[in-house]
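J.: Attaching a predicted model along with its sequence, questions to come.
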Amino acid sequence: MTSRKRLLFIEPSRLGHDGRPVRIRREGMRTLTLPYLAGMTPPDWDASIRIDALDPVAGDEPADLVAMTAMTQRAPRAYQIAEKFRRRGIPVVLGGAHVDLLPEEGERHADAVAVGEVEAIWPDILRDAEEGTLRSRYQAPALPAMANLARPRFDLIKNARYYTLLWPVQTTRGCPYRCNYCTVTTIYGAKYRHRPVEEVVEDIKAIRKHTRYIFFVDDNLTPDKAYATELFEALIPLDISWSAQMTLRFAEDEKLLRLAARSGFQMVVSGIENANEENLSSVNKSFNKPKRYRELLRRYRKNGVIVLAGMILGFDTETEDTIAQNLRFMLDEKLQIISLYLLTPFPGTPIFEQLEHEGRLLTKDWSRYDSYSCVYRPKHLTPERLTEMYWDVCRKVTTVPAILRRFTPPPLPRARTFIPDAIAGGLVFMNNLVLFRRDARRGVPPQV
């Protein structure tokens with residue numbers, strides 16, 4: 001009887017500025033990719049998953065095939081790991097956002113690259129790997145439909161620190177917005193594709209055995225109101241607490257927001273990005289309306305929803321005055337969590353192409369594309385001044401008075417989900433008070 005071939009999935013960490021892999025420090029929003037790939041893998045492969053940021057990969061692990069997926073900031077570590085296995089004669093397949101955007105670069109560091117969404121090409125990759133005939137590139141033919149997706153193999157992640165609270169579920173792919181700094185439309189297309197709601201429910205029921213806290217990994221969960229309504233109604237009997245990425249504008253529909261709250265909506269992760277209209281227009285995000293922010297934030301809080309605000313500094317129209325304007329906004333508004341970043345021009349985005357054409361990129365060391373290092377020359381500030389002001393804002397929004405002001409009044413726990421709401425609210429408050437404050441003072445950005 002032929003023994004099963006060993007397939008090792010690896011999620012690489014990123015390299016810190018000291019050149020060493022960065023370890024996971026706390027619970028965050030984890031990827032679904034590797035458990036999903038493992039779920040697509042037939043049982044004649046002996047699959048395992050390794051999380052480099054929790055258990056650093058040495059390169060001497062037993063494997064017949066290694067598969068990795070990496071975002072831009074993790075690509076250098078992925079290449080490091082790939083080299084170690086390839087020196088041992090073990091073939092390596094690379095995929096993920098960075099490879100989708102720069103496949104030729106990926107080919108220099110792997111035996112094969114997977115470009116695009118892998119549903120149609122994963123069987124071919126595994127067959128060719130078994131036969132020793134891997135091609136250098138596998139290109140997905142089209143954007144696939146989202147029915148009958150494989151069930152993720154969460155059981156293969158042995159380290160309990162990876163999924164400790166929020167477990168990931170996907171319902172849609174794609175986004176019609178074309179923000180100049182974002183890779184989503186380039187990779188997943190400009191139209192929404194939906195999973196059948198009943199399949200989403202089955203995924204959640206499987207996860208519900210482990211946790212009630214769900215994170216929808218969709219880049220924007222709710223633009224299709226009919227689909228969102230069907231989904232929320234199906235979630236009500238499941239007794240879960242869920243978080244998702246969506247625009248603040250979702251709160252414009254108060255009826256749908258109330259339905260979402262009834263279904264367990266606990267935290268919105270919203271790319272507010274900036275409080276200055278000119279800055280938003282400069283990156284094609286003028287659909288965000290700063291004049292509406294306060295009212296929309298109030299509606300989320302009224303419905304018991306925690307707000308995680310994604311904020312970006314460093315747009316081409318950014319000045320010291322607009323940074324001060326954004327600081328006032330972050331101090332004044334009831335933002336329970338602030339993830340503050342420096343603009344990062346990821347390859348494949350219009351802003352990367354613009355800055356490269358203008359000769360304003362300072363480096364293509366992808367490990368520096370970590371969203372808090374300045375890797376380009378701003379128009380109105382020096383890179384050093386922008387970086388200095390960024391860290392100053394990080395420290396000011398994480399002082400004790402600033403945190404108390406942002407949490408007063410907090411979103412009120414709802415009667416139906418009082419205990420999980422109170423637990424989530426308490427964790428968010430303590431993260432702000434202890435972890436985010438400490439990180440900002442150590443030069444690590446406050447983020448989930």
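T.: All right, it came through fine.
J.: For the rest of this, base every contact and every neighbour count on C-alpha atoms.
T.: Will do.
J.: And stretch 41-53, how far out from the chain middle?
T.: Relative to its parent chain, stretch 41-53 has a centroid offset of 22 Å by C-alpha atoms, centre = their mean, to the nearest Å.
J.: And for stretch 158-167?
T.: 16 Å.
J.: now swap in stretch 269-288 and tell me
T.: With C-alpha atoms, centre = their mean, you get 19 Å for stretch 269-288.
J.: What's the end-to-end length of that stretch?
T.: 14 Å (C-alpha to C-alpha, to the nearest Å).
J.: now what about that stretch, what contacts it?
T.: 178-181, 243-249, 289-290, 307-313, 315-318, 322, 325-326, 329, 351 (C-alpha atoms under 8 Å, 6 or more residues apart in numbering).
J.: What of stretch 170-190?
T.: 97, 100-101, 116-117, 143, 146, 191-197, 200, 216-221, 283-285, 343-346, 348-352.
J.: same check, this time on stretch 57-73
T.: Counting by C-alpha under 8 Å, 6+ apart, 5-12, 14-15, 33-34, 50, 78, 81, 84-85, 90-99, 129, 346, 366-370 sit against stretch 57-73.
J.: do the same with stretch 242-254
T.: 212-223, 257, 264-272, 288, 293, 296-297, 299-300.
J.: for the record, mean pLDDT for that stretch?
T.: In this model, stretch 242-254 has a mean pLDDT of 94.
J.: List the buried residues for that stretch?
T.: The neighbour-count check on stretch 242-254 (16 or more other C-alpha atoms under 10 Å) flags Trp242, Ser243, Ala244, Gln245, Met246, Thr247, Leu248, Arg249, Phe250, Ala251 as buried.
J.: what's the answer for stretch 319-335, then?
T.: Thr319, Thr322, Ile323, Asn326, Leu327, Phe329, Met330, Leu331, Glu333, Lys334, Leu335.
J.: so what's Ala114 up against?
T.: Val93, Leu94, Gly95, Gly96, Val99, Asp100, Ile121, Arg137, Tyr138, Gln139, Ala140.
J.: from the chain's centre, how far out does the helix or strand of the chain with the lowest mean pLDDT sit?
T.: Sorted by mean pLDDT, DSSP states H and E, the helices and strands of the chain end with helix 184-188, the least confident at a mean of 82. In terms of C-alpha atoms, centre = their mean, the centre of helix 184-188 is found 13 Å from the chain centre.
J.: mind exporting it as PDB, just the C-alpha atoms?
T.: Only the C-alpha atoms of helix 184-188 are listed here, as PDB (Å, rounded to 0.1, in the frame of the first residue of the first chain):
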ATOM      1  CA  VAL A 184      -9.000  43.900  -3.300                       C
ATOM      2  CA  THR A 185     -10.600  44.800  -6.600                       C
ATOM      3  CA  THR A 186      -7.500  43.800  -8.500                       C
ATOM      4  CA  ILE A 187      -7.400  40.400  -6.900                       C
ATOM      5  CA  TYR A 188     -11.000  39.500  -6.400                       C
END
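J.: got the domain boundaries for this structure?
T.: 5-139, 165-442 (automatic domain parsing).
J.: okay if I get those domains as TSV plus distance to Asn159?
T.: As requested, the domains of the chain are exported to TSV (distance: least, C-alpha to C-alpha, whole Å):
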stretch	distance to Asn159
domain 5-139	8
domain 165-442	13
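J.: closest one to Ile157 among those domains?
T.: domain 5-139 (5.7 Å; C-alpha to C-alpha).
J.: returning to what we had before: need the next SSE after the least confident helix or strand of the chain, C-terminal direction.
T.: strand 193-194 (DSSP states H and E).
J.: Which neighbours in the sheet does that following strand have, and how are they oriented?
T.: Sheet pairing for strand 193-194, assigned by DSSP bridges, gives strand 172-173 (antiparallel).
J.: model confidence over the strand it pairs with, on average?
T.: 90.
J.: so where do the strands sit in the stretch 101-250 of the chain?
T.: 112-115, 137-139, 167-169, 172-173, 193-194, 213-216, 241-245 (DSSP state E, counting those that start in this stretch).
J.: Mean neighbour count, these: which tops it?
T.: With neighbours taken as mean count of other C-alpha atoms under 10 Å, those reach their highest mean count in strand 112-115, at a mean of 26.
J.: Kindly indicate whether Leu308 is helix, strand or coil.
T.: Assigned with DSSP: H, G, I helix; E, B strand; the rest coil, Leu308 falls in the strand class.
J.: who does it bridge with?
T.: Beta-bridge partners of Leu308, as defined by DSSP bridges: Val269, Ile337.
J.: do you know how far the nearest residue to Leu296 once chain neighbours are set aside is from Ser371?
T.: If the residues on either side of it in the chain are set aside, Leu296 comes closest to Ala251, at 5.7 Å by C-alpha to C-alpha, 6 or more residues apart in numbering. Going from Ala251 to Ser371 by C-alpha to C-alpha gives 28 Å.
J.: Repeat that for Lys396.
T.: 19 Å.
J.: okay, now the residue nearest to Glu333 when sequence neighbours are not counted: neighbour count?
T.: Spatial nearest neighbour of Glu333, excluding adjacent residues (C-alpha to C-alpha, 6+ apart): Arg406 at 6.3 Å. Using other C-alpha atoms under 10 Å, Arg406 is surrounded by 21 other residues.
J.: Which parts of the stretch 301-448 of the chain are helices?
T.: Remark: helices assigned in the stretch 301-448 of the chain by DSSP state H, counting those that start in this stretch are 320-332, 350-357, 383-396, 400-406, 418-430, 437-442.
J.: Just put the ones you listed in TSV and tack on distance to Gly19.
T.: Below are these laid out as TSV (distance: least, C-alpha to C-alpha, whole Å):
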stretch	distance to Gly19
helix 320-332	31
helix 350-357	24
helix 383-396	20
helix 400-406	33
helix 418-430	31
helix 437-442	18
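J.: any chance of those helices in TSV, with mean pLDDT and distance to Asp60 too?
T.: What follows is the helices of the stretch 301-448 of the chain, written out as TSV (pLDDT from 0 to 100; distance: least, C-alpha to C-alpha, whole Å):
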stretch	mean pLDDT	distance to Asp60
helix 320-332	97	47
helix 350-357	95	37
helix 383-396	95	39
helix 400-406	93	46
helix 418-430	87	38
helix 437-442	86	34
